[in-house]
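Q: Got a predicted structure here, sequence first:
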Amino acid sequence: MGKKNGSENDDEGSEVEFVADKNYGDPEKYDPSFHGPIDNRSCTDVICCLLFLAFIVGMFVVGGYAWMNGDPRKLVYPTDYKGQICGITPGVETKKYLFFFDLLKCSSTLSSFQLTCPTKQICLETCPTETYTALTEVFLNVVNVAPDFSKIKPYCDYGFDPETEYNDPTSKYHRDADGLQKMLEDEKCPTYYVESEPFLDRCVPQFLIDVVEGVLDAATSKDQFTSNITDSLNGKNLTLSNGQTFQPEDLASYLSDAVTIFLNFQKTAAMILDDFYAVWYSILLGLCAAMLVSFVYIVLMRFIAGPMVLFGIIGLHAVTAWGCYYCWTRYKELEDMQTDAEQSLADIGFTTDLNSYLNLKDTWYAFGITLAVIFGLLLLITLCLCKQIRIAIGMIQEASKAVASIISTLFFPVVPFILQVILFFVWGSIALFLASSGVQDCLKVAPSDSTFTYVDWNVSRVNFECDCSVNYTKADDTALSQLNISGFEDLDITCEFQSYEVPDLALYFQAYNLFGLFWLMYFIIALCQVTLAGAFASWYWTFDKKETPTFAVTASFWRAIRYHLGSIAFGSLIIAIIKMIRVSLEYLERKLKGQQNDVVKYLLKCLKCCFWCLEKFMKFLNKNAYIMIAVYGKNFCTSAKKAFFLLLRNFLRVFVVNQLTDFLLFLGVLFVVFLCSVCSFYYFTNSITVVAEYVPAPELNYYWLPIITIGVGSYVIAKGFFSVYDMAIDTLFLCFLEDLERHDGSPDKPYYMSKDLMKIVGKKNKKVKKTKQ
């Protein structure tokens, strides 16, 4: 059912307002005291404000816990087998570089994407400066030649003196008991080492660095390495303590597999940093150009919105019409070529060869009918919603006027952007400290026996746990002796660091910190929306637009933080909860991957889809609720209800305005990104001769790097500018709808909308009739 809204006078046009029953709420009534965002307001949603403040205090508590227990250096600096941080932990503060006893074991973990290397690692003051293999000394020992321990000792385990142990008759490693061989088997000393250089505080073979960096003598360096290790082995193969044998010429390839990935990363990262350093000013200029283009585009929207929408609609109809014509011509061509052996869809069945379908006339017949139906629906919708489309274009033009009138709104998003950068920095710092707040996880190992594990012995893991901070001795170990098993008495058992184990409390704090990120992020976004809504509403509800308040943005921001922090926190809390549920569903799906049945998988997909839709809906509702909060100063629930029913009473207009707005803003963002990216491409590739002659682009390793950077930066900047424009459209549209319900164009109740909008909806303001004297 419908009825006329406003005056019943015929000269107000024939616009018919759709107003449903009372379930959609009562239309707004005229209020002579209302002239835009009210000043007489009070604090709203105080309880939620207090909850928000308490949550912030909780964030400080979590941050304090992370600061006291975490140490991000554990995640950056190398850690030895005892869990000591090289160059930092007392006892190894002068030993900055991590040395791997057997780099060959790292290649297997790299191929399986593990981040640890299953070999003993110790901290050294300097990396090896020569290539040497201890197996040479073993061979010499067999022929009764004293080993040269001076080459082995600097790289042996902490406090282990191989020469003393070798000459001590009571030692397990005495010369008469194949002591040197046992030292290598028990990983007291490395089987071999190669000439190395520090990389990320880790000792990496020199020849690999040369190979990856592509220096001129890389091949020579690799050949020299092979020659050196061949000489050190006296022509024999390299045999490790576990029995593996490597030919000298193959050793370089195996070591290359172990560390090349890291060196490639170093080289690429260095080249990227060099490129950024060379063109940082050009990137900055490109981003400034993106700001300028975005601003000019928004100003021009006042004049080009109509033609752009018209061009888009005509183009869409033309494309569908041409599609119908093309399908019909293809259908006629195939029909004229019809033979008795022609196949049908049923004959072909399912196949991945699309050409088989495209060679059938039935395919084009179906395409043609589908496009014809789409074309008919589009034409019908366009004709029926012609006035709504004109209203949408009018609102877009009004928004451009409002932004141009309150130019400071374009720069206000810088404030929430800075707040979000600070938020991400704080959140990232807390997350990093929490991730590094783990305690050392150490296990008992026997280097000479790879089967000495709690899994192989089928016992509880706790029996193999130990404390890396104290000297472990097998004689004091009661856990193993109480297991009533044998086979470890002759093993040399040590306590070695495995990883840092994060306690459960830190994991709960990580979840709290993540929820805090969501809540605070959407809180900042909501604060920006309320501020902009208040400024644009002040512009709309000013009868003479030249008298728009000078500090509309500042006044709106003050009202938001003075009265409505609770309402803003309430709305952002709802979105944060939904977001947290979605993250939990994603985590649950990953944990159950490969284990769940089809029913569970289907249920998870449905829940993810439902909460995605719910999040989209709540963001839309929240945005309109914030507009009502900025205008009327009511609490969140009241404002959300008011906005929801107002939108329901004008459903068609809302739908059309939103779709056209999204379309135009998408074109705007696409235009800015495309223009900036194309211009940067031609500049950095020196494709424009005139520009290259006066302002040549520097030589770069990756010319696409600044192009991608400018493209991404342009997208972020354009989204920021057009988010202001989008907020202006939504705010002015709600004000426009209320304007139609509150006023009738009479001298006592004049419309606040522009004359262009009044013309579109068939309204006008009556002039005051002068009485005759």
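A: That came through, no problem.

Q: Quick check: Y331 vs W322, distance?
A: Counting by CB to CB, to the nearest Å, the gap from Y331 to W322 is 15 Å. Backbone N, C-alpha and C define where each C-beta goes, glycine included.

Q: So for the two, which sits in the more crowded spot?
A: Y331 (19 against 12; other CB atoms under 10 Å).

Q: Listing request: residues of the stretch 451-600 of the chain with sub-threshold pLDDT.
A: For the stretch 451-600 of the chain, applying pLDDT under 70 flags the ranges 451, 454-457, 468-472, 474-476, 478, 481-490, 497-500, 594-596.

Q: element containing C442, please.
A: strand 439-445 (DSSP states H and E).

Q: for that strand, packing partners?
A: strand 465-466, strand 494-501 (3 or more CB pairs under 8 Å, 6 or more residues apart in numbering; DSSP states H and E).

Q: Quick check: can you name the pairing partners of it and their directions?
A: strand 465-466 (antiparallel), strand 494-501 (antiparallel) (DSSP bridges).

Q: tell me which residues in that strand are buried?
A: 440-445 (16 or more other CB atoms under 10 Å).

Q: Next: stretch 404-413.
A: Buried residues in stretch 404-413 (16+ other CB under 10 Å): 405-406, 409-410, 412-413.

Q: swap in stretch 534-544?
A: 534-542.

Q: Among those residues, which are located in helices?
A: 534-540 (DSSP state H).

Q: Now do G286 against F684, distance only.
A: 10 Å.

Q: Now list whatever residues contact both of these two.
A: P706 (CB atoms under 8 Å, 6 or more residues apart in numbering).

Q: OK, contacts around the nearest residue to I717 once chain neighbours are set aside?
A: Of all residues not flanking I717 in the chain, A290 sits nearest, at 4.6 Å (CB to CB, 6 or more residues apart in numbering). Applying CB under 8 Å, 6+ apart to A290 gives the contacts 672, 676, 710, 713-714, 717-718.

Q: Tell me which two of those sit farthest apart.
A: I710 and A718 (11.8 Å; CB to CB).

Q: These two - which one has more neighbours?
A: For I710 and A718, the more surrounded residue by other CB under 10 Å is I710, and the numbers stand at 27 against 24.

Q: where's the more buried one relative to V657, distance?
A: Applying CB to CB to I710 and V657 gives a distance of 32 Å.

Q: try L51
A: In terms of CB to CB, L51 sits 35 Å off from V657.

Q: Among those two, which residue is more densely surrounded?
A: Just comparing L51 and V657: by other CB under 10 Å the higher neighbour count belongs to V657, 25 against 15.

Q: Make sure that one is actually in contact with M395.
A: Yes - in this structure V657 lies within contact range of M395 using CB atoms under 8 Å: 5.8 Å.

Q: where do the contact lists of these two overlap?
A: In contact with both V657 and M395: 729, 733, using CB under 8 Å, 6+ apart.

Q: out of the contacts of A290, who has the most neighbours?
A: I710 (27 neighbours).

Q: Report the helix or strand with the lowest average pLDDT across the protein.
A: Lowest by mean pLDDT, DSSP states H and E among the helices and strands of the chain is strand 2-3, with a mean of 38.

Q: What's the separation between N69 and L507?
A: 13 Å.

Q: now the helices for the stretch 351-500 of the chain?
A: Remark: helices assigned in the stretch 351-500 of the chain by DSSP state H, counting those that start in this stretch are 354-358, 361-384, 386-405, 414-435, 478-481.

Q: can you map out the helices along the stretch 151-300 of the chain?
A: Using DSSP H, counting those that start in this stretch, helices in the stretch 151-300 of the chain cover 162-167, 179-185, 206-213, 218-232, 248-336.

Q: In terms of mean pLDDT, which of those helices ranks lowest?
A: Among these, helix 218-232 has the lowest mean pLDDT, at a mean of 49.

Q: how about P750, secondary structure?
A: Assigned with DSSP: H, G, I helix; E, B strand; the rest coil, P750 falls in the coil class.

Q: Can you classify the closest residue to it other than its chain neighbours by secondary structure?
A: In space, and not counting its chain neighbours, P750 is closest to N765: 4.5 Å by CB to CB, 6+ apart. Of the three states, N765 takes coil under three-state DSSP.

Q: Could you tell me how far N765 is located from F733?
A: Distance from N765 to F733, by CB to CB: 20 Å.

Q: Of these two, which one has the most company?
A: Neighbour count, other CB under 10 Å: between N765 and F733, F733 has more, with 27 against 19.

Q: what helices or strands is the helix or strand where the more buried one lies leaning on?
A: Following DSSP H and E, one finds F733 within helix 704-742. Here helix 704-742 touches helix 248-336, helix 386-405, helix 504-540, helix 598-632, helix 636-648, helix 651-684, going by 3+ CB pairs under 8 Å, 6+ apart.

Q: Flag every buried residue along that helix.
A: So, applying 16+ other CB under 10 Å, buried residues of helix 704-742: 705-707, 709-711, 713-715, 717-742.

Q: relative orientation of it and helix 636-648 in degrees?
A: 80 degrees (axes from the mean of the first three to the mean of the last three CA atoms, to 10 degrees).

Q: Could you pull up the mean pLDDT of the very next helix or strand once past helix 704-742?
A: Sequence-wise, the next helix or strand downstream of helix 704-742 (DSSP H and E) is helix 755-761. Averaging pLDDT along helix 755-761 yields 77.
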